[in-house]
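>>> coordinates for the following, if possible.
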Amino acid sequence: MITPTLKQLRYLVALHDQMHFGRAAESCHVTQSTLSSGIAELETLLDADLVERTRRALWFTPLGEDVVKKARKILREVDELVDLTQAASEPLSGTIRIGIIPTIAPFLLPQAMPQLRIAYPKLKLQFREQLSDILCHELLSGELDIILYALPYRCGDVHEEPLFQDPFLAAYPPDHTPLPDMISTEDLDGETLLLLEEGHCLRDHALAACSLPGVDPSRSILGTSLHTLVQMVESGMGMTLIPQMALDGGILNGTHVRTVPLSGDAPARTIGLVWRKNSARQSDYLLLADMLRSWHQKRNQ
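Sure, this is the predicted structure:
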């Protein structure tokens, strides 16, 4: 029996991801004619139409969709087979594809990654910055190996490894008076609260951590990023909640925004590393988790 090649399956999955022959070929580092021929050969081999084509569009047949799902699983297992042998030869070497959310990436990567590169020079990290929902989809489909985001988050059949707590602080405009040394979460109830748009897990974690799940939308203003929220606070539009990681990363540099700690048990988000259960590189990911914990502890000494 003649069976499909891994290359043909990769071509098919790339076309499904891009829904465009030119972009799919580019992602596979081949010419468009090579990719088209590979998929045509696959269809001939399987004696099935997987992709319908017109001059302006393409779409996958119902059978094509099923084949793509199987192909993703096969390719992921092959990649894990390679990872297993690589991890056995030398810890934290080779390539790890890591997804990271926008409220962590610009504050953790510039400071933690240089130390990791020094400790493990043969490790190559490929980063993808995106919202949690998209990262979870890409993790489960095999496009990513691990995710760094805030817990908890419903991501499916994954292992969640908590790393450290990232406390929230209240951030106020420069002219906000009086400003106490510490503020309770109950005092936030009367404020105009600036929040990230729906889809950012920081929004939900901040509200939950500060016991504000029922915040009044009419008194909330939405921003697209933490940096945008800071500029909105600077201009006097309201106050917001900023994670300590962002403050340590210099998000308030060049502004006159003032922060106040929250009283009681400090509300915080939990930063965690997430990977597929039973991953062949679990030992590597646990080692990476220990490295990030160590970095955080040293930073806060």
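
>>> now for Q231: which residues touch it?
Neighbour list for Q231: T255 [criterion: Cβ atoms under 8 Å, 6 or more residues apart in numbering]. C-beta coordinates here come from the backbone N, C-alpha and C atoms, glycine included.

>>> pLDDT weak spots in the stretch 101-250 of the chain?
Within the stretch 101-250 of the chain, the stretches with pLDDT under 70 are 198-199, 209-220.

>>> the helices in this structure, which residues?
For the chain, helices defined by DSSP state H occupy the ranges 6-18, 21-28, 32-46, 62-89, 105-119, 132-140, 201-209, 226-234, 244-248, 282-299.

>>> do you know which of those lies nearest T255?
Nearest to T255, of all those, is helix 226-234, at 4.9 Å by Cβ to Cβ.

>>> that closest one: how far from the chain's middle?
Put simply, helix 226-234 sits 22 Å off its chain's centre (Cα atoms, centre = their mean, to the nearest Å).

>>> buried residues of that helix, list them for me.
Buried residues in helix 226-234, counting neighbours by 16 or more other Cβ atoms under 10 Å, are found at L226, L229, V230, M232, V233, E234.

>>> got the CA coordinates for it in PDB?
The C-alpha trace of helix 226-234 is given here as PDB (Å, rounded to 0.1, in the frame of the first residue of the first chain):
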ATOM      1  CA  LEU A 226      -2.300  48.000  28.900                       C
ATOM      2  CA  HIS A 227      -0.300  50.800  27.400                       C
ATOM      3  CA  THR A 228      -3.500  52.300  26.100                       C
ATOM      4  CA  LEU A 229      -5.100  52.100  29.500                       C
ATOM      5  CA  VAL A 230      -2.100  53.900  31.100                       C
ATOM      6  CA  GLN A 231      -2.400  56.700  28.600                       C
ATOM      7  CA  MET A 232      -6.100  57.000  29.300                       C
ATOM      8  CA  VAL A 233      -5.400  57.100  33.100                       C
ATOM      9  CA  GLU A 234      -2.700  59.800  32.400                       C
END
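
>>> tell me what angle that helix forms with helix 105-119.
140 degrees (axes from the mean of the first three to the mean of the last three Cα atoms, to 10 degrees).

>>> quick one, helix 226-234 and helix 201-209 angle?
Calculated by the same axes, to 10 degrees, helix 226-234 forms an angle of 60 degrees with helix 201-209.

>>> any chance of a markdown table for the helices of the chain, columns distance to L125?
Output for those, formatted as a markdown table (distance: least, Cβ to Cβ, whole Å):
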| stretch | distance to L125 |
| --- | --- |
| helix 6-18 | 21 |
| helix 21-28 | 19 |
| helix 32-46 | 28 |
| helix 62-89 | 14 |
| helix 105-119 | 7 |
| helix 132-140 | 15 |
| helix 201-209 | 22 |
| helix 226-234 | 23 |
| helix 244-248 | 19 |
| helix 282-299 | 9 |
